[in-house]
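>>> 3D, please:
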Amino acid sequence: MNPKHIRASSLMWVYPVSQQNSMKQQTFRMIKAKSFALVVLLGLAWQAQGQDAKTRYPSMAPLEQYLIVDRNAEIALARSAAPESISHDAEVLVLGRHGYETAVKGKNGFACMVQRSWTAGIDDPDFWNPKLRAPICFNPPAARSYLPLVIKKTELILSGQSKAQMFDSIKAAFDKKELPTQEPGAMCYMLSRQGYLSDRDGHWHPHLMFFVPQTEAVTWGADLPGSPILASDDPQDRLTVFLIPVAKWSDGTADHTDEH
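Modelled structure (predicted):
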C-alpha cells in the first residue's frame, strides 16, 4: 500500500493581498488538517492489519499446512527462484516432516529451496502464516553461510520449539559459533512469479538480496531518496539484508506488480 499524497490547487482569486493571504492561510490549515487525518487513518489501518494478522496466526498451524504434498511441484517452485541457467544445476532442498531434505544434488554450488514463514523476523505478523511460500536460490557463499541458519531454524521449529525458544536457541548457536557469519558476496535470487511472501505483499517484486554482517544501511546508500536499494536490519540473525528489485521474473517476463 502506497500512501496517497494530497496536493493543493492554486487559488487564483482577484482579491486584495491581505484577503488573499488570509484565504491562503485558511486553505493551508484545512489541507494540513486533512493531511494529518489521512496519516492517522493510514496508521490505524496498518496497526489494525498487523493486529489482525497476529490474531489470524497466533501459533503454528498443523504441519500438513506447511508441507507441499507433490515433491516435484516443490522442486519446480524452488527452481523458479532463479533463471534456469542457474537453477538447473543447483542443489534443491524440499521440506520434510523433520526439516529440509536434499531432493536434487547440485553441480554449480547454488542451492534452491522454498522458505516457509518461520524464517521471518520475530515480530513479523506472518511468522506462522502457513500460506507463505518463498522460493529462493542461494549463491555458493550464501549456501555455505546463510542456508545453515534456515536449516537450523526449521529443525528447531519442527522439533516443537516455540518462536521464543527457537530464537533463544539461534542466539546460543551464534554465541557458541555453531552457526557461521555471512561470507563476503553472500546473496540470493528471489525472482519467482509463483512466490507468496506475506499477506501484506503477496508476490511483491522480483528482487535480489545480499546478506552481510550487521551494518548501517547508509554504507550501501540504501533507503535514501531515489536509491533502488532497500535495507532490513535483523538483529536476531545478526545480519543486514539489502534488497534490490529488478525488472523481470525468472521466466523473463516483465514485472507489472504495481499495475495490479
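>>> Leaving out sequence neighbours, find the closest residue to residue 127.
Among residues not flanking residue 127 along the chain, residue 120 sits closest, at 4.9 Å (Cβ to Cβ, 6 or more residues apart in numbering). Glycine gets a C-beta too; all of them are placed from N, C-alpha and C.
>>> count of neighbours near that neighbour?
Applying other Cβ atoms under 10 Å, we find 20 residues neighbouring residue 120.
>>> Quick check: the closest residue to residue 224 other than its chain neighbours vs residue 227, distance?
Distances taken as Cβ to Cβ, 6+ apart put residue 218 closest to residue 224, at 7.4 Å, once the chain neighbours are dropped. According to Cβ to Cβ, to the nearest Å, residue 218 and residue 227 sit 10 Å apart.
>>> higher neighbour count, the two?
Remark: of residue 218 and residue 227, residue 227 carries more neighbours, 14 against 11, as counted by other Cβ under 10 Å.
>>> thought that one was touching residue 217?
No - contact status for residue 227 versus residue 217: not in contact, 9.4 Å apart, counting by Cβ atoms under 8 Å.
>>> any chance you could map the strands in the chain?
91-95, 100-104, 111-115, 134-138, 187-190, 207-213, 230-234, 239-245 (DSSP state E).
>>> Tell me which of those strands approaches residue 63 most closely.
Of all the strands of the chain, it is strand 91-95 that lies closest to residue 63, at 9.4 Å by Cβ to Cβ.
>>> got any ranges where the chain has weak pLDDT?
1-54, 258-260 (pLDDT under 70).
>>> Give the closest residue to residue 142 in space, chain neighbours not counted.
Residue 142's closest residue in space is residue 186 (Cβ to Cβ, 6+ apart), at 3.9 Å.
>>> Show the contacting residues for that neighbour.
Residue 186 makes contact with 138, 139, 141, 142, 145, 146, 210, 211, 212, according to Cβ atoms under 8 Å, 6 or more residues apart in numbering.
>>> any chance of the residues you listed in CSV, plus distance to residue 241?
Converted to CSV, the contacts of residue 186 look like this (distance: Cβ to Cβ, whole Å):
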residue, distance to residue 241
138, 13
139, 14
141, 14
142, 11
145, 13
146, 9
210, 7
211, 6
212, 8
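>>> May I see the ChimeraX selection of the buried members of those residues?
A single ChimeraX command selects the buried members of those (16 or more other Cβ atoms under 10 Å):
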select :138,139,141,142,145,146,210,211,212
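>>> Quickly note the distance from the residue nearest to the spatial centre of the chain to residue 96.
When Cα atoms, centre = their mean is applied to the chain, the residue found nearest the centroid is residue 197 (6.4 Å). Taking Cβ to Cβ as the measure, residue 197 falls 22 Å from residue 96.
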